[in-house]
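In: what follows is a predicted protein model with its sequence.
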Amino acid sequence: MSGSWKQWEFPNLKESDHKKTSEASDDYNCIAWAAFDDTKRWDPDEMEQHYWPPGIPRVINLEVFKEVFRRLNFEDCDDATFENGIEKIAIYATSDGQPTHIARQVDNGIWTSKLGYWEDIEHYNLECLGGEKRDYFGRIMLYGKPVSYMKRIRVIPQKAE
């Protein structure tokens, strides 16, 4: 896969807000990236074409997404404030409550995100990926805003051999 995101897809994301950390890939998505998995897409699609943790409903809603990360030892927390030794995720949703994106905080307090089918980036704040607008058909576009935060003791991920 080649190419990169377009400015209209992330109108608040400026050059000074982020740096690219990978090339574009459709092998994985933001949910997988937040869970330290860059080998497969995590998606609750009803056709079961992508990975989804066993026993978790294949529906797109905030509580289901939070349950996925509870299984990875995350717990709810109040905000995105950096805490040494703790990793956090921020779950974005639109104004109608539809979860759209998950960002993960890296060990220096900066955030990392997988932008759809495009590249991974490190971004210096959560707001730069936010925004909401409707398309011609009335569907909400963009990521909305962070609506829920979760945390766990920082772990060093192990790559499968």
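Out: All right, it came through fine. Numbers count the residues shown, from 1 in each chain.

In: can you measure across stretch 69-79, start residue to end residue?
Out: 16 Å (Cα to Cα, to the nearest Å).

In: tell me the buried residues in that stretch?
Out: 69, 74, 77 (16 or more other Cβ atoms under 10 Å). Using the backbone N, CA and C atoms, a C-beta is placed for each residue, glycine as well.

In: after the helix or strand of the chain with the lowest mean pLDDT comes which helix or strand?
Out: Evaluated with mean pLDDT, DSSP states H and E, the helix-and-strand set of the chain has its lowest mean pLDDT in strand 131-134, which scores a mean of 70. Per DSSP states H and E, the first helix or strand lying C-terminal to strand 131-134 is strand 140-153.

In: quick check: buried residues in that following strand?
Out: Neighbour-count burial for strand 140-153 [16+ other Cβ under 10 Å]: 140, 142-146, 148-152.

In: what's the farthest-apart pair in those residues?
Out: 140 and 152 (29.8 Å; Cβ to Cβ).

In: from what I can see residue 43 touches residue 53, true?
Out: No: using Cβ atoms under 8 Å, residue 43 makes no contact with residue 53, being 11.3 Å away.

In: so those two - more neighbours on which side?
Out: residue 43 (17 against 13; other Cβ atoms under 10 Å).

In: for that one, report the pLDDT, please.
Out: For residue 43, the model assigns a pLDDT of 95.

In: mind listing what it touches?
Out: Residues in contact with residue 43 (Cβ atoms under 8 Å, 6 or more residues apart in numbering) are 29, 31, 49-52.

In: wait, which of the residues you listed is closest to residue 13?
Out: Nearest member of the contacts of residue 43 to residue 13, counting by Cβ to Cβ, is residue 29, at 17.7 Å.
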